[in-house]
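In: starting from these lines, generate the structure:
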Amino acid sequence: MLKPFIIVEGFELVDNPDGFNRQLTELLKLPQVVFGSTLGEWLYDQGYDLVWINLTDVQGYIQDNAEAVNAVIAKINQIKTSNGSSEPNMIMGVSAGGIIAKYALLKAQQTGFDHQCEKFFTYDSPLRGAN
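Out: From the prediction side, this is the model:
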């Protein structure tokens, strides 16, 4: 792994691996994303390594899930370093994954943990709350 693109999952109604695979495939096929190509094509062309964080209990406490996200980021950073990469991380949170990832990054900054995240964005995340 040299250039991570980390996707933090959001709420799902069905707890099965096939559901996660379908969600990821659909997300990567979105046509309107960048420079006229799909998100998946653009990531591949840019040489990104895809990391999908499938949380154990996405409906659990945001703080606990954020801690799990930061543990994954720490492992990714360790792998990058051992591979000689200094590429920054790009992180995308989907739905509740956006809230969790934002909390994780804020917590990392408060504690001095180097998340190495250069870009963070969300897709369908209720960052201003939900009604």
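In: name all residues that make contact with Y123.
Out: Listed by Cβ atoms under 8 Å, 6 or more residues apart in numbering, the contact set of Y123 reads L27, M92, G93, V94, S95, G98. Just so you know, the C-beta spots here come from the backbone N, C-alpha and C atoms, and that holds for glycine as well.
In: centre of the chain to the longest helix anywhere in the chain, how far?
Out: Among the segments of the chain that qualify as a helix by DSSP state H, the longest is helix 62-82. On the basis of Cα atoms, centre = their mean, to the nearest Å, helix 62-82 is displaced by 11 Å from the centre of the chain it belongs to.
In: for that helix, buried residues please.
Out: By 16 or more other Cβ atoms under 10 Å, the buried positions in helix 62-82 come out as N65, A66, A68, V69, N70, V72, I73, I76, N77, K80.
In: now render the residues you listed as JSON lines, adding pLDDT and distance to A130.
Out: Listed next are those as JSON lines, based on pLDDT from 0 to 100; distance: Cβ to Cβ, whole Å:
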{"residue": "N65", "pLDDT": "95", "distance to A130": "17"}
{"residue": "A66", "pLDDT": "97", "distance to A130": "18"}
{"residue": "A68", "pLDDT": "96", "distance to A130": "22"}
{"residue": "V69", "pLDDT": "98", "distance to A130": "20"}
{"residue": "N70", "pLDDT": "98", "distance to A130": "24"}
{"residue": "V72", "pLDDT": "97", "distance to A130": "25"}
{"residue": "I73", "pLDDT": "98", "distance to A130": "26"}
{"residue": "I76", "pLDDT": "98", "distance to A130": "29"}
{"residue": "N77", "pLDDT": "98", "distance to A130": "32"}
{"residue": "K80", "pLDDT": "97", "distance to A130": "35"}
